[in-house]
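> show me how the following folds:
(one chain, ligands or ions: 1)
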Amino acid sequence: MPQDHASRIYLSVPHMGDLEQRYVREAFESNWLSSVGPNLDAFERDFSAELLGGQRSVALTSGTAGIHLGLRLLGVGPGDEVISPTLTFIGSVNPIRYLGAKPVFIDSERSSWNIDPVLLREVVLEKVKNGKPPKAIMVVHLYGQSADLDPILALGKETGIPIIEDAAEAVGTLYKGKQVGVFGEIGVFSFNGNKIITTTGGGLLTAHDPARVEKARYWSTQAREPGAAYHHVDLGYNYRLSNVLAGIGRGQLAVLADRVEARRRIAFRYRDAFADLPGIELMPQASFGLHTNWLSVVVIDETKFGATRDQIIARLAEENIEARPVWKPMHLQPFNAGCETHGGAVAEEAFARGVCLPSSSSLTAVQQDKVIAAVRASAFTGALGRP
Ligand SMILES: *Cc1c(COP(=O)(O)O)cnc(C)c1O
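I've put the predicted structure just below:
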């Protein structure tokens, strides 16, 4: 199989703008190379001002770290239950385990692939009735599309259960015109290398209560008390982003709008290019907000398309093109065996039928043409053949 790195078309690669190196160079020139410095201050300030309506934030080493701190801020501890969608990446759920708590998995709704608000309500009200309310409800905004937040927020208000938003895949994503991440008590973003903007690795936490942001900042630096002596009264972590990487973040923030536009253009180009083929369509675009289409996901009906998810992925691999299945639902993971799960058919179907296609904002039209041609060529090549 050809594996030529230079010509390989990847799923989602970093895409730098013009300013990142300048901010990184400033960090080197000033020797602010660690977990304090002007890039960190500016990155948090600008992210908060430009995306979060001024709500305070703290930059961290990863989105996973942010979810860990966010859940701890909500008081999640051993034996507690935390609700999570089953259709998500393990990074949403591992932090529940770090705290000794138990995830409870809920299926997705078809219109957005995110947590089903109706099923969520049933499950939560039943638990409340039984005197065992979950400690927190985690909402994930998958692939750049928001969950349907209004009914979820109403449920949170009605029951007093806090909402944490995993917006790792949703920088630039809107719900009813507003950036997600500020609707719940806590919101968390990721700047991992494959995300819509990146600091190579990084994350950010925001919260309605500024005291919670400051608490997360304190925990993220080993819970070191002020003063020269290494004095500790609380459990901490080494979760603070470095000032060098925050410089990359500043540069990336300046091109976010372009990146969103490019990802959407790519997704809709796939949609149009496959419009005449049976059994392949772009994942749903829900009506309640702007879907960045961080990843372009197509849904295959294998009997109509004449090839399965894996046959398409294998065909693309032959052309040195990276494609992947949708996230494998959490309730199907051996690691989560025995976890309470409600429904799961929608998530399982998305997993069985979804293919993530190359979606980098730097993808050229020529590269995308190559992907489109390879997908088209895979039709009717499966075991099922032409009907
Ligand atoms: C990427 C991702 C995370 C974790 O973010 P990292 O920065 O990689 O730790 C969490 N949840 C979802 C849904 C993600 O896609």
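> make sure residue 181 is indeed in a helix.
No. Using DSSP: H, G, I helix; E, B strand; the rest coil, the assignment for residue 181 is coil, not a helix.
> tell me the spatial nearest neighbour of it, not counting adjacent residues.
residue 187 (3.1 Å; Cβ to Cβ, 6 or more residues apart in numbering). In short, each C-beta sits where N, CA and C put it, glycine included.
> what about stretch 128-135, distance to the chain center?
28 Å (Cα atoms, centre = their mean, to the nearest Å).
> buried sites along that stretch?
128, 133-135 (16 or more other Cβ atoms under 10 Å).
> take those residues and keep only those in helices.
residue 128 (DSSP state H).
> which pair of the buried residues of stretch 128-135 spans the longest distance?
By the measure Cβ to Cβ, 128 and 135 form the most distant pair in the buried residues of stretch 128-135, at 12.2 Å.
> who in the stretch 201-350 of the chain is up against the ligand?
Within the stretch 201-350 of the chain, the positions adjacent to the ligand are residue 203 by Cβ under 6 Å from any ligand atom.
> quick one, helices of the stretch 201-350 of the chain?
Assigned by DSSP state H, counting those that start in this stretch, the helices in the stretch 201-350 of the chain fall at 210-220, 243-254, 256-273, 302-305, 309-318, 345-353.
> which one of those helices lies closest to residue 145?
helix 256-273 (10.7 Å).
> chain center to the closest one, what's the gap?
Using Cα atoms, centre = their mean, the offset of helix 256-273 from its chain centre is 18 Å.
> which elements pack onto it?
strand 280-282, strand 296-300, helix 365-378 (3 or more Cβ pairs under 8 Å, 6 or more residues apart in numbering; DSSP states H and E).
> one more time with 6 Å
When contacts are defined as 3 or more Cβ pairs under 6 Å, 6 or more residues apart in numbering; DSSP states H and E, helix 256-273 packs onto strand 296-300.
> that older thread, so the residue nearest to residue 181 makes contact with residue 166?
No. Using Cβ atoms under 6 Å, residue 187 makes no contact with residue 166, being 8.4 Å away.
> those two - which one has more neighbours?
Using other Cβ atoms under 10 Å as the criterion, residue 187 and residue 166 rank with residue 166 on top: 33 against 28.
> phi, psi of the more buried one?
phi -90, psi 100 (degrees, to the nearest 10).
> no more questions from me, cheers.
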